[in-house]
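> this is the structure alone, sequence omitted:
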Ligand SMILES: Nc1ncnc2c1ncn2[C@@H]1O[C@H](COP(=O)(O)OP(=O)(O)OP(=O)(O)O)[C@@H](O)[C@H]1O
């Protein structure tokens with residue numbers, strides 16, 4: 001479990017307060033979203049989880065390890081792997097297998113088991129046929145999946161994805177998202193997913209809504225729809241289909257909270 005206890009943060013002494021008194025916990029096997037507009041503090045909090053920054057006040061425990069204790073930081077970074085926006089910045093190998101092997105060598109992974117671990121992690125993200133490929137020949141979505149496989153090979157308990165799909169087109173974004181959901185379901189990984197796109201939160205267990213360094217709401221995908229005004233105040237727009245579904249439901253039409261276009265059309269024909 002990750003426990004964030006009364007955390008506040010400033011980048012500089014006497015600088016502006018970036019996060020104010022944040023408290024929340026995240027279980028293993030949970031898919032949690034940090035949602036908020038640019039500059040609301042989501043990435044800063046994600047970097048605090050990974051001990052890249054240390055809280056100015058309060059504390060963060062990752063499986064009972066305090067991020068402010070230097071001796072814990074290596075274990076915390078291994079447990080909670082980060083995936084960033086631009087996959088190009090995370091790829092270090094020239095072939096797919098070399099890229100994953102690099103991270104494994106860094107943790108002194110046993111050489112004799114390395115190949116098996118590389119194959120396992122590639123299979124989990126659906127890149128098993130690309131093992132020998134050059135990383136330069138991968139698409140954007142495949143590169144992001146490689147970054148996830150490289151993280152996965154290190155046996156983390158949590159994946160922290162900071163706007164990890166924002167450089168991808170819709171098809172690649174959906175494909176990476178389904179991979180993430182599968183990892184949560186099949187491996188029981190905790191997922192911390194940072195975004196300002198509401199379309200990406202449909203499969204989350206819980207959503208924390210960020211505004212100006214504070215958490216202003218905790219929701220499920222369905223309950224967030226009831227908070228259209230709050231979402232707008234936070235600079236977010238509920239997407240068209242769920243917004244319409246919300247209104248139709250209020251008028252007595254039975255629909256899922258986040259319908260597909262087909263589900264919406266079928267319900268309206270009935
Ligand atoms: N290294 C830094 N030094 C000083 N201020 C920073 C630094 N990084 C971020 N900030 C400031 O902290 C605030 C929160 O930024 P943060 O990146 O955490 O927000 P965010 O919600 O993740 O936004 P985005 O979606 O744009 O990444 C912003 O005002 C930003 O300018």
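Great, that's in hand. What you are looking at is a predicted structure, and each value in this text was computed from that prediction instead of being measured.
> element containing the spatially most central residue of the chain, please.
Relative to the mean C-alpha position of the chain, the nearest C-alpha, by C-alpha atoms, centre = their mean, is the one of residue 193, at 2.0 Å. Here residue 193 sits within strand 190-195, counting by DSSP states H and E.
> circling back: settle this for me: the residue nearest to the centre of the chain is touching residue 31, isn't it.
Yes. Using C-beta atoms under 8 Å as the test, residue 193 is close enough to residue 31 to be in contact (6.8 Å). Just so you know, the C-beta spots here come from the backbone N, C-alpha and C atoms, and that holds for glycine as well.
> between the two, which contacts overlap?
180, 204 (C-beta atoms under 8 Å, 6 or more residues apart in numbering).
> for the longest helix anywhere in the chain, packing partners?
In the chain, with assignment by DSSP state H, the single longest helix is helix 170-187. Contacts of helix 170-187 with other secondary structure elements, assessed using 3 or more C-beta pairs under 8 Å, 6 or more residues apart in numbering; DSSP states H and E, are made with strand 31-35, helix 111-124, helix 140-152, strand 158-162, strand 190-195.
> near the ligand, which residues of the chain show up?
Taking C-beta under 6 Å from any ligand atom as the criterion, the chain approaches the ligand at residues 11, 18, 36, 38, 39, 40, 41, 42, 43, 44, 196.
> output the residues you listed as a markdown table; include the columns secondary structure, pLDDT and neighbour count.
Conversion of these to a markdown table gives the following (DSSP: H, G, I helix; E, B strand; the rest coil; pLDDT from 0 to 100; neighbours: other C-beta atoms under 10 Å):
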| residue | secondary structure | pLDDT | neighbour count |
| --- | --- | --- | --- |
| 11 | coil | 95 | 11 |
| 18 | strand | 96 | 21 |
| 36 | coil | 93 | 26 |
| 38 | coil | 90 | 9 |
| 39 | coil | 92 | 13 |
| 40 | coil | 94 | 25 |
| 41 | coil | 95 | 22 |
| 42 | helix | 94 | 25 |
| 43 | helix | 94 | 19 |
| 44 | helix | 96 | 19 |
| 196 | coil | 88 | 18 |
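> quick check, nearest of the residues you listed to residue 121?
Nearest to residue 121 among these, counting by C-beta to C-beta, is residue 43 at 25.2 Å.
> so what's that closest one up against?
Taking C-beta under 8 Å, 6+ apart as the contact definition, residue 43 lies against 162, 163, 194.
> just among those, which is most surrounded?
Of all those, the most densely surrounded is residue 194 (24 neighbours; neighbours counted as other C-beta atoms under 10 Å).
> I'd guessed it sits against residue 162; true?
Yes. Here residue 194 reaches residue 162: they are 4.7 Å apart, a contact under C-beta under 8 Å.
> off-centre distance for the helix or strand where residue 104 lies?
Secondary structure here is read from DSSP H and E; on that basis residue 104 sits in helix 96-106. Taking C-alpha atoms, centre = their mean, to the nearest Å, one finds helix 96-106 lying 22 Å from the centre of the chain it belongs to.
> out of the helices and strands packed on helix 170-187, which comes closest to residue 207?
Going by C-beta to C-beta, the one of the helices and strands packed on helix 170-187 nearest residue 207 is strand 31-35, 4.5 Å.
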